[in-house]
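1. Here you go, sequence then predicted model.
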Amino acid sequence: MGLPTTIEELNHIKEECEKMVSKRASASALAAAVPILGTDVAADVALMRELLPAINRKFGLSKEQIEELDPEVKRVLLVFITSVGSELVGKLITKQVVIQMLKKISTKIAVKQAVKVVPILGQAASAGISFAAMKYLGKAHINDCYEIAKQYIENEQTKPVH
């Protein structure tokens with residue numbers, strides 16, 4: 001699967017990715033409901049290491065897919081990636097990259113860990129925070145990929161035909 005070529009195809013990919021994010025966010029919430037400190041963060045890292053590359057691949061924007069492109073197309077994409085400011089598009093998603101992303105929402109994670117010590121309500125709050133954090137990170141990445149692919153499609157449509 002390569003880069004999308006139409007806005008219709010792009011919208012379909014976005015919908016598929018949003019469903020993936022919802023499933024992973026639900027899994028994250030389940031992991032957060034387990035009253036053992038630290039298990040949810042480990043689960044979140046594992047889920048994000050799977051989810052982010054899957055989103056990149058769906059949009060045709062994984063590191064491997066970009067490397068296989070024509071040099072001119074690759075150059076144009078890298079300009080779009082830079083303009084969007086994404087740290088995750090076209091990159092290898094390592095544990096360290098995910099941990100950095102999670103640090104950006106570390107206040108929520110700290111609260112989630114703290115509320116775990118309160119039985120039942122704490123677990124429910126922790127699960128809710130985990131779901132929201134995973135959903136936020138996933139949707140933000142989808143939006144970045146969408147914007148980059150959209151710019152690419154629009155750029156291709158305005159090219160003069162030889």
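-> It's in.
2. Under a three-state scheme, what state does Gly2 occupy?
-> Taken by DSSP: H, G, I helix; E, B strand; the rest coil, the conformation at Gly2 corresponds to coil.
3. Quick one: residues contacting the closest residue to it other than its chain neighbours.
-> For Gly2, ignoring the flanking residues on the chain, the nearest one in space by Cβ to Cβ, 6 or more residues apart in numbering is Gly60 at 4.7 Å. C-betas here are computed from N, CA, C, even on glycine. The contact partners of Gly60, by Cβ atoms under 8 Å, 6 or more residues apart in numbering, come to 1-4, 149.
4. With neighbour count, distance to Leu47 and pLDDT as added columns, please give the residues you listed in JSON lines.
-> Converted to JSON lines, those look like this (neighbours: other Cβ atoms under 10 Å; distance: Cβ to Cβ, whole Å; pLDDT from 0 to 100):
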{"residue": "Met1", "neighbour count": "10", "distance to Leu47": "22", "pLDDT": "70"}
{"residue": "Gly2", "neighbour count": "11", "distance to Leu47": "26", "pLDDT": "84"}
{"residue": "Leu3", "neighbour count": "19", "distance to Leu47": "26", "pLDDT": "90"}
{"residue": "Pro4", "neighbour count": "23", "distance to Leu47": "25", "pLDDT": "92"}
{"residue": "Ala149", "neighbour count": "25", "distance to Leu47": "23", "pLDDT": "94"}
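5. just those residues now: which is nearest Lys23?
-> Closest approach to Lys23 among these (Cβ to Cβ): Met1, at 19.6 Å.
6. Enumerate every residue touching the closest one.
-> Contacts of Met1 by Cβ under 8 Å, 6+ apart are 57-58, 60, 65.
7. now Pro160
-> Counting by Cβ under 8 Å, 6+ apart, Pro160 has no contacts.
8. Please identify the helix or strand for it.
-> Assigned by DSSP states H and E, Pro160 belongs to neither a helix nor a strand.
9. next one: Glu156
-> helix 121-158.
10. quick one: that helix to chain centroid distance?
-> How far helix 121-158 lies from its chain's middle: 5 Å, per Cα atoms, centre = their mean, to the nearest Å.
11. what helices or strands is that helix leaning on?
-> Helices and strands touching helix 121-158, by 3 or more Cβ pairs under 8 Å, 6 or more residues apart in numbering; DSSP states H and E, are helix 7-33, helix 39-58, helix 71-84, helix 95-104, helix 106-115.
12. among the ones you listed, which gets the worst mean confidence?
-> Lowest mean pLDDT of the helices and strands packed on helix 121-158: helix 106-115, a mean of 54.
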